[in-house]
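1. quick one, fold the following:
(2 chains)
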Amino acid sequence: MKCDQCSNDAVAYLRYFNRKLCADCFKKLTEQRFTKTITKNKLIERGHKIGVAVSGGKDSITLLQLLGQHAARYPIELFGIVIDEGINGYRETSIPIAEKNFKDLGVDYTILSFKDELGKTLDTMCVDRQRNACSYCGVFRRRLMNQAARDAGCDKLATGHNLDDEVQSIMMNYLRGDFERLSRSGPSTANQDGYVQRIKPMREIPEKESALYAMLSGFEIHLEECPYAEEAFRTTVRDLINNMEDKSPGIKFSILNGADNLNDLLGDKFSPAELKTCKCGEKTVTETCKACQLLEEL
Amino acid sequence: MRIEVKTPDKGEVVELNSGATVRDAILKLGENPEIYLAKRGSKLVMEIEELDDGDSIELIKIVSGG
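-> Purely as a prediction, here's the structure:
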């Protein structure tokens, strides 16, 4: 089968467009989408130092490599951030992949571990736990990513959230009736003192295309599934959305666009809360930050 | 026609009608094509590509997060 845009052999089928693309046309489209998300949302400015959260998986490696292309054209600096949650049999293989990609691109990086920073690995936290693993992991990972980006003097913190991740978060917030949290979704977080603003330049790239881009580009990536994934509510929502997408191609983009439009309305209702300082020194909307609450439980 | 389908967890031979595609093979396994890329030999193949009797394809699961 041939590419719908040139005469080369097609390797990518975009069902929601009903288009077949060769490797070059597909990669170009993905790069254009990435750049468009950055430009239309003003995610990165000249002179910025961008912290890049990298796990070694396909999304974060694609993010790093695409930002590397961006840095070759614009005066920005990249700084790699790896969080080692302490997941036995999982992170041992993904972290070396992240490090190899940093070294190939000449990007400085740091690795923060739950063990060193919080005193316990995620595996240890999950023995006799009261919550599912993702509840601990999400809160502590965000804490350490912010800490690393702030300590390195980063202006922004880029994460590899793809279209599927974004749509799952939107649906989870809908299903929980959490419109305040829904109002905080979008291409970037609010710019608040104490927090390095998080940006998501991959949010319009479907997960499958992020993987395909990485494979067609020959990037070394880690493709194992997190051993705690099956117990996550996100996994249930992911399957639901993928079933809908299979029946109605394009629905993921529709959900994202709908939520972005809704956010324009919700922004007036839920303005960013005033931040207090937790006893640990971090900014928080409540008296005690979520990380300290969880650490007390543990 | 008989198609061998290898997934990260198992290998299975599925019976499909002539003209069936990679997508048909994935659906036959009860899986969702949204979470797989497919390879025939060393080459990535699109889900709309037709299979031939005796083909062997490898499915690569692309979801990784939790």
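2. could you point out which element follows the lowest-mean-pLDDT helix or strand in chain B?
-> Lowest by mean pLDDT, DSSP states H and E among the helices and strands of chain B is strand B:11-15, with a mean of 92. Following strand B:11-15 in sequence order, the next helix or strand is helix B:22-28 (DSSP states H and E).
3. contacts for that following helix next, please.
-> Counting contacts by C-beta atoms under 8 Å, 6 or more residues apart in numbering or on different chains, the residues outside helix B:22-28 that touch it are B:3, B:5, B:14, B:16-17, B:32-33, B:36, B:38, B:45-49, B:51, B:57, B:59. C-betas here are computed from N, CA, C, even on glycine.
4. try 6 Å this time
-> With C-beta atoms under 6 Å, 6 or more residues apart in numbering or on different chains as the contact definition, helix B:22-28 has outside contacts at B:Ile3, B:Val5, B:Val14, B:Leu16, B:Pro33, B:Tyr36, B:Ala38, B:Val45, B:Glu47, B:Glu49.
5. again, but for stretch A:155-169
-> With contacts defined as C-beta under 6 Å, 6+ apart, stretch A:155-169 is touched by A:48-53, A:59-60, A:63, A:149, A:185, A:196-200, A:202-207, A:210, A:234, A:237-238, A:241, A:252, A:255-256.
6. ok so, going back, next step: the contacts of helix B:22-28 restricted to strands.
-> Restricting the contacts of helix B:22-28 to those inside strands, with DSSP state E as the criterion, leaves B:Ile3, B:Val5, B:Val14, B:Tyr36, B:Ala38, B:Val45.
7. pick out the most distant pair among these.
-> Comparing all pairs in those by C-beta to C-beta, the longest separation belongs to B:Val14 and B:Val45, at 15.6 Å.
8. pick out whichever of the two has more residues nearby.
-> Summary of the neighbour comparison: B:Val14 and B:Val45, criterion other C-beta atoms under 10 Å in any protein chain shown, with B:Val45 having more neighbours (21 against 18).
9. which residue, other than its chain neighbours, is closest to the more buried one?
-> Leaving aside its chain neighbours, B:Val45 sits nearest to B:Ala38 (5.1 Å; criterion: C-beta to C-beta, 6 or more residues apart in numbering or on different chains).
10. look at that neighbour and report its pLDDT.
-> Looking at B:Ala38, its pLDDT reads 97.
11. so how far is chain A from it?
-> 11 Å (C-beta to the nearest C-beta, to the nearest Å).
12. quick one: residues contacting that residue.
-> B:Val22, B:Val45, B:Ile57, B:Leu59.
13. and of those, the nearest to A:Met172?
-> The shortest gap between A:Met172 and any of the contacts of B:Ala38 belongs to B:Leu59, at 26.9 Å (C-beta to C-beta).
14. the closest one - that's part of a helix, no?
-> No. Using DSSP: H, G, I helix; E, B strand; the rest coil, the secondary structure at B:Leu59 is strand, not a helix.
15. strands paired with the least confident helix or strand of chain B, and their directions?
-> Sheet neighbours of strand B:11-15, with direction, are listed as strand B:2-6 (antiparallel) (DSSP bridges).
16. contacting residues around the residue in the stretch 1-150 of chain A positioned nearest to chain B?
-> Closest contact between the stretch 1-150 of chain A and chain B, by C-beta to the nearest C-beta, is at A:Tyr13 (4.0 Å). Remark: with contacts taken as C-beta under 6 Å, 6+ apart, A:Tyr13 is in contact with A:Lys20, B:Met46, B:Glu47, B:Ile48.
17. sorry, back to before: mind checking which of the contacts of stretch A:155-169 are buried?
-> Neighbour counting over these (16 or more other C-beta atoms under 10 Å in any protein chain shown) leaves A:48, A:50-53, A:59-60, A:63, A:149, A:185, A:196-200, A:202-207, A:210, A:234, A:237-238, A:241, A:252, A:255-256 as the buried ones.
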